Every structure is written in C-alpha cells, then in structure tokens.
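In: build the 3D model from these lines:
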Amino acid sequence: MGDPVALRSTVRKAIDAEIPNLAPENSQQIQFRILSPLAEGADRAVAQAVLEYPGAQLDAVLPLAVEDYLEDFATEESKREFRGLLALSSQPVRLRTQRIVEESRNGGDPTEMRLDAYQLAGQYVVDHCDVLIAIWDGEPARGRGGTAEIVQYATAHNRPVIRVWKDAFEVLHQQSRNEKLEK
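Out: All right, here's what the predicted structure looks like:
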C-alpha cells in the first residue's frame, strides 16, 4: 500500500477532482459519507481521507462478528486503530453477528465462511455507495472478495469507480448522462 499519509493525500485529490464530475448537479453541497469495512491498509486510509472533510460520516460495514474480525488484524496497534474508527460509526452495519466457530459447528467450513463474509461486505459497500473508491494495483483478483473482484462487481452494476494507485487516480467507470436520466 505504501505511505498511508501520501495515499490519503492522493485519495483527497481524487475526490476533489472527480466527485464534481460524477455528481455535477449537487457538487457544491455534497455531504460525504464513507462506507467501509475498516480493514487494515487501504480501507482505513480511504476512510481517514474522507473523514477529513467537514461533516463527513462513517458507516462501518463489518463482515464478521467483531471478535472474529479482530483476529485478522496483525498488531495491537491495528486493533486499536480499528476500534477508534469503529467508535466514529454511529450505526455499524453488522453483516454477521454470530461467531464463525459457532456457525461452523453446523458443518460449514470456517475458511469459506470468512471468504463469503468479505465478498458480501464488498458487495454491500458497492450496493449502497454512490461512488466506489478503490485502492487497486490493477492486477487480477487474488482471492474471492478482493479488490479486483469488487471493482468488477461495481462496474457490472454501473457504479462509478475511482481507482487510486500510488500517486495517481482515474475513473474506471462512469455512468453516461443517459444512464443517469433513465434511473
């Protein structure tokens, strides 16, 4: 992912440059709301960048029960950072409330359950956002629910995508004016 401060700066530049083009009719009165699973790295960098805008709100989208999700964070510092961001979310969306160990007692594979949970979280974000900001190297998917798969899901569902990578950004998908009018 690189330097998180530089990444947040690039995300802000991308938002400032592209959001007015994607929502020109109300670009002067945009209220930013970030939907994010708050995973380590890119998710948190984007959330922190958006939260720098005045009045911005965070809606955490938790793929797993908090106890299970915390197991995926490498350090205590990462867990603290997650908890701090989660505390900023007034109504977190909890896609799974039961622990995986409990659910797997009914014969489910815990690894597959985790992959399903991450995939569903990414799809939830796409289904409920106006614009997807993806920190993505452009490489094919390396696993189910990963960034490449979620970007593909977003474009298939006509969701605008701003791809940020290193110090650059681009719009990968943008609805045409006719598509917007048809909705």
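
In: excluding its backbone neighbours, what's nearest the residue nearest the centre of the chain?
Out: Centroid-nearest residue in the chain: S36, 4.1 Å away (criterion: C-alpha atoms, centre = their mean). Leaving aside its chain neighbours, S36 sits nearest to A47 (4.5 Å; criterion: C-beta to C-beta, 6 or more residues apart in numbering). C-betas here are computed from N, CA, C, even on glycine.

In: ok, now which ones touch the one you found?
Out: Counting by C-beta atoms under 8 Å, 6 or more residues apart in numbering, A47 touches 34, 36, 38, 58, 85.

In: strand partners of the host helix or strand of the first one, parallel vs antiparallel please.
Out: Read that as I34. Applying DSSP states H and E as the criterion places I34 in strand 33-36. Paired neighbours of strand 33-36 in the sheet (DSSP bridges): strand 57-62 (parallel).

In: helix or strand next in line after the partner strand, which one?
Out: helix 66-70.

In: helices and strands of this structure: which one has the lowest mean pLDDT?
Out: Using mean pLDDT, DSSP states H and E, helix 177-182 stands out as the lowest-scoring helix or strand of the chain, at a mean of 41.

In: hmm, back to that, run through the bridge partners of the residue nearest to the centre of the chain.
Out: Counting by DSSP bridges, S36 forms beta bridges with A60.

In: show me what the closest residue to E170 other than its chain neighbours bridges to in the sheet.
Out: Leaving aside its sequence neighbours, E170 sits nearest to R163 (C-beta to C-beta, 6+ apart; 5.4 Å). Beta-bridge pairing for R163 (DSSP bridges): A134, E170.

In: and R163, what does it touch?
Out: 134, 136, 138, 151, 169-172.

In: just these now: which is nearest G108?
Out: Checking these against G108 with C-beta to C-beta, the nearest one is V151 at 27.7 Å.

In: the residue lying closest to that closest one once chain neighbours are set aside and V161: what is the separation?
Out: Spatial nearest neighbour of V151, excluding adjacent residues (C-beta to C-beta, 6+ apart): A134 at 5.1 Å. Separation of A134 from V161 (C-beta to C-beta, to the nearest Å): 6 Å.

In: I'm done for today, thanks for sticking with me.
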